[in-house]
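1. Quick one: sequence plus predicted model below, questions after.
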Amino acid sequence: MTAPHDVSPLQPFAHGPFLVDPDGAMQPRGWPALRFAWRGRACEARLADGRLRLSAAAGALPYTAECVTGRTGAVAAIGRLPSELPRGWLLRVLPDHRLKLEAERALPAPVTATALLGALVGFALDLDPYLDLLASAGIVAGTAKT
């Protein structure tokens, strides 16, 4: 007979898009997206195979009709920005004139909630100087142009 305190070992359990081991290690089920906002900008993180793909909506390029000089300065800043970004970061100008900053990070194995949250916070803090540079060129948080 087994005593009441003798319980079988804990099993992994589902928590949202993750399977969590008793020790806190997380295995994504599918390719989950974690979304958050930083300085008024939508950010997203996707986890797959121990890699975290991060992106931030960096703002929107002003149209010439809105402000000729503002657009000129914004285009110049966008031209300089890629050489100032950390290695592996990308700046994309989307067809609707939105700007997207993207990065990828490796996470230590096993992936835990602490490591995942630390990577999200690190990305957000790393964004700051580039968001400041864009803001000084007149590019602020905004939505798509239609």
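-> Nice, I can see it.
2. middle-most residue in this structure, spatially?
-> The centroid of the chain falls nearest to Leu54 when counting by C-alpha atoms, centre = their mean (3.1 Å).
3. show me what contacts that residue?
-> 43-45, 102-105, 119-120, 123 (C-beta atoms under 8 Å, 6 or more residues apart in numbering). Any C-beta I mention is one placed from the backbone N, CA and C, and that applies to glycine too.
4. What is the nearest of the residues you listed to Glu84?
-> Ala103 (13.6 Å; C-beta to C-beta).
5. That closest one - how many residues pack around it?
-> By other C-beta atoms under 10 Å, the residues close to Ala103 number 21.
6. helix or strand for the residue nearest to the centre of the chain, which one?
-> strand 51-60 (DSSP states H and E).
7. and that strand, what's its mean pLDDT?
-> Summarised as a single mean, pLDDT over strand 51-60 is 93.
8. go on, stretch 132-146?
-> Stretch 132-146 comes out at a mean pLDDT of 76.
9. confidence score at the nearest residue to Pro28 once chain neighbours are set aside?
-> With sequence-adjacent residues excluded and distances taken as C-beta to C-beta, 6 or more residues apart in numbering, Pro28 is closest to Leu47, at 4.9 Å. pLDDT recorded at Leu47 is 87.
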